[in-house]
Each structure stands twice: as C-alpha cells, then as structure tokens.
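**Student:** Build me a structure from this.
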Amino acid sequence: MAMNGNSSWDKIQQGVKDTERLIVQREYNASMVKARQTLEFMVKNLADQAGIMDESDLKGMIDVLYENRWLSKTTCEHYHKIRMIGNKAAHEGDSNAYSANQAYHMLSQEVYTFADDYRNAKKGRKPLTRPAVQGSSQNRTGAGRGSSEAMRTNRVDSSTKRAGKSYGPGRAGSSQAARSRKRSGSQSPSFSLYTLLKLLVPVLCIVLLLLVVKLAKPESRTKETEGPTAVETMEATEASQEETESSGPVYRTTDVLNVRPEPSTSSERIGQLNAGVTVEYVRAYDSDWAVILYNGQEAYVASQYLTAE
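**Tutor:** Predicted coordinates for the structure are as follows:
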C-alpha cells in the first residue's frame, strides 16, 4: 500500500482529527479503534516504502521496522501501545477515557515523526534520528537493509572480540593489582576504626567523670543547707528560752482572786484563782486593775492581790 502524495497524508491527518473528535463526543471506544486504524495505515505505508514485505499482523510489521532500524525504540513502544489500546477497545469493548486520550496524544506525536521517516524511506535511506547499532563502521556500512538476524550476528561477533581482549597477557598483572587494592582497602577501615576508638575512649572517660561530679554536688549542697538550718534552730530555741527567762518578773496571787471580763467589781465573775497561783501577766490596766491571760483570753483582776517575784 503506497502512500500516494497528499491523498495518503490527508488520510492520516484526517484519522488523527477523527480520533480527537470522537474523544470530544465522549465516544472513547470508537476513538481508540480509530487510532489503531490510523496507525495501521501509517505502518503499512512505511513498510512499503522501506521495501519490507507485509507481515500477517500489525505487531509483526512494527517489530520488523524496529529491527531494521526504521523505527526508534520510543516510536516502537508508542506504536505497540496504540495497537494494544485499540485491540482492547475492539475485542473487549473498553471505553476508558484515559486510554483514549493516551492513544490520541501518542498518535499525534508520532504522526510528525512518521512524516520524516517516510520521506527518508522514499529517498532510500534510513532515518538519521535512529540510534546506531553497536559494531564497527564497516558493519554499519554493509548492513544497509539487512535482516535482524544479521544484526544480531554482528553484535555476537563484537561481544566475542571484546571477550577475547579481556583474556590478554596482562590479565594476571591486573588481577594481582586488583587483589592488592582489595587488601589495602580492607586494612584501611580497621585502622580508621582503631584510631576512632583511641580518640573516643578518653572523651567518654571525661564525660563519665563530669556526670559523677554533677551527681555528687547536689548532696553536698543539701548537707550544707541542712547544717545551718539546724544551728539556726538551736540558736533560736536558746534565744527564746533566754527571752522567756529575762522577759520580766513572775506574778503570783496573794489571796483568792476573782477573774472578771471587765475592770469593774460589778462585772460578772468568769473565774477564780487561789492564793499562790502564777498568772500570765500581760500589763497594768490602771492603778487598780491588771490584765492577765485566762484560758487563752484577756481578763481583769485586782492588781492589789498580785505580787511580783
């Protein structure tokens, strides 16, 4: 199937537009099928111009084009992805919107790549954008449009040559040098570890010593705090005793003495003290009455019946 001028190119462009239109109409299943049909038309035109006989299915044609370097790896992957999305839509009734959009975007991208590939194929040369196959320049020149089997043979020969070089006379020397490097590399970590431990041990000892000192200091502070407190307590007790002893004369009753709440004989009597009883003298109220503590409260007694000792 030859791509005849603008008519075939118009058909491909129309296929891309129809794919987009079906997506806009939310006919996702039909859009994916249309993308696959457009891809198949593109692949058959490219295969015809490249001089590759038609394969029985689309997958085979894509693989042959890739093996003969008419398709890049990325383009090959995109073609297969569009093909599989279209197959799933046609045979399983898939109508996923994401898959439809994915097929459309890859098809749009590859249409312009296809135009370059088709022009190169028409001129009888392979696309310059394709990655070169490993091997000598002589093999690349003579490959031309050879089959994938010949390309694989060239890669095997190149691998054999590289393998032969690795078994040259210098292998023993390189192996010995590698072993020496390995031994030196294995010794350096142990030396570094020993040096590290040598530096860390004194540091750890200092840290432990500081911790011990820090833990011991609070106890000494507590003892120092407790010492002055006890001494102060004893001094305060002695001082209170001295104050008690030197606070003034002791007052005793010389006769039976009535205790009243007010400094008046007409006031109600709240108690009575026997002769010779020590009273808690507070102060003199006036020349006739004195204030004492009676049952924890201030009361009044006749001062003429008190004597100071």
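
**Student:** What lies in contact with stretch 251-270?
**Tutor:** Taking contacts as Cβ atoms under 8 Å, 6 or more residues apart in numbering, the residues outside stretch 251-270 that touch it are 271-279, 281, 285-286, 288-290, 292, 294, 299-302, 305-309. Glycine gets a C-beta too; all of them are placed from N, C-alpha and C.

**Student:** cutoff 6 Å now
**Tutor:** Taking contacts as Cβ atoms under 6 Å, 6 or more residues apart in numbering, the residues outside stretch 251-270 that touch it are 271-273, 275-279, 281, 285, 289, 294, 299-301, 305-308.

**Student:** Show me these that map onto strands.
**Tutor:** The strands, defined by DSSP state E, take in 271-273, 278-279, 281, 289, 294, 299-301, 306-308 from these.

**Student:** Who wins on neighbours among these?
**Tutor:** Compared across those, Val301 has the highest neighbour count, 25 neighbours, by other Cβ atoms under 10 Å.

**Student:** residues contacting that one?
**Tutor:** Residues touching Val301, when contacts are defined by Cβ under 6 Å, 6+ apart, comprise 257, 259, 290, 292.

**Student:** Now which of these would you call buried?
**Tutor:** Neighbour counting by 16 or more other Cβ atoms under 10 Å classes 257, 259, 290, 292 among those as buried.

**Student:** Of the ones in strands among the contacts of stretch 251-270, which is the nearest to Arg83?
**Tutor:** Checking these against Arg83 with Cβ to Cβ, the nearest one is Tyr294 at 119.9 Å.

**Student:** now that closest one: how far from Val250?
**Tutor:** As for Tyr294, its distance to Val250 is 16 Å (criterion: Cβ to Cβ, to the nearest Å).

**Student:** just Asp63 next, same as before
**Tutor:** Using Cβ to Cβ, Asp63 is found at 129 Å from Val250.

**Student:** Compare those two and say which is more crowded by neighbours.
**Tutor:** Remark: of Asp63 and Val250, Asp63 carries more neighbours, 17 against 12, as counted by other Cβ under 10 Å.

**Student:** Am I right that the more buried one is in a helix?
**Tutor:** Yes - note on Asp63: a helix contains this position according to DSSP: H, G, I helix; E, B strand; the rest coil.

**Student:** about what we covered before: save the ones in strands among the contacts of stretch 251-270 as a markdown table, and put in pLDDT and distance to Ala47 too.
**Tutor:** What follows is the ones in strands among the contacts of stretch 251-270, written out as a markdown table (pLDDT from 0 to 100; distance: Cβ to Cβ, whole Å):
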| residue | pLDDT | distance to Ala47 |
| --- | --- | --- |
| Gly271 | 91 | 136 |
| Gln272 | 88 | 141 |
| Leu273 | 90 | 140 |
| Thr278 | 92 | 137 |
| Val279 | 90 | 136 |
| Tyr281 | 90 | 135 |
| Trp289 | 94 | 140 |
| Tyr294 | 91 | 132 |
| Ala299 | 94 | 133 |
| Tyr300 | 94 | 137 |
| Val301 | 93 | 140 |
| Leu306 | 90 | 142 |
| Thr307 | 90 | 145 |
| Ala308 | 85 | 142 |
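
**Student:** Using JSON lines, lay out those together with distance to Asn96.
**Tutor:** Putting those into JSON lines (distance: Cβ to Cβ, whole Å) gives the following:
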{"residue": "Gly271", "distance to Asn96": "110"}
{"residue": "Gln272", "distance to Asn96": "115"}
{"residue": "Leu273", "distance to Asn96": "115"}
{"residue": "Thr278", "distance to Asn96": "113"}
{"residue": "Val279", "distance to Asn96": "112"}
{"residue": "Tyr281", "distance to Asn96": "111"}
{"residue": "Trp289", "distance to Asn96": "115"}
{"residue": "Tyr294", "distance to Asn96": "107"}
{"residue": "Ala299", "distance to Asn96": "108"}
{"residue": "Tyr300", "distance to Asn96": "112"}
{"residue": "Val301", "distance to Asn96": "115"}
{"residue": "Leu306", "distance to Asn96": "118"}
{"residue": "Thr307", "distance to Asn96": "122"}
{"residue": "Ala308", "distance to Asn96": "118"}
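
**Student:** Wasn't Arg252 part of a helix?
**Tutor:** No - residue state for Arg252 (three-state DSSP) corresponds to strand; a helix is not indicated.
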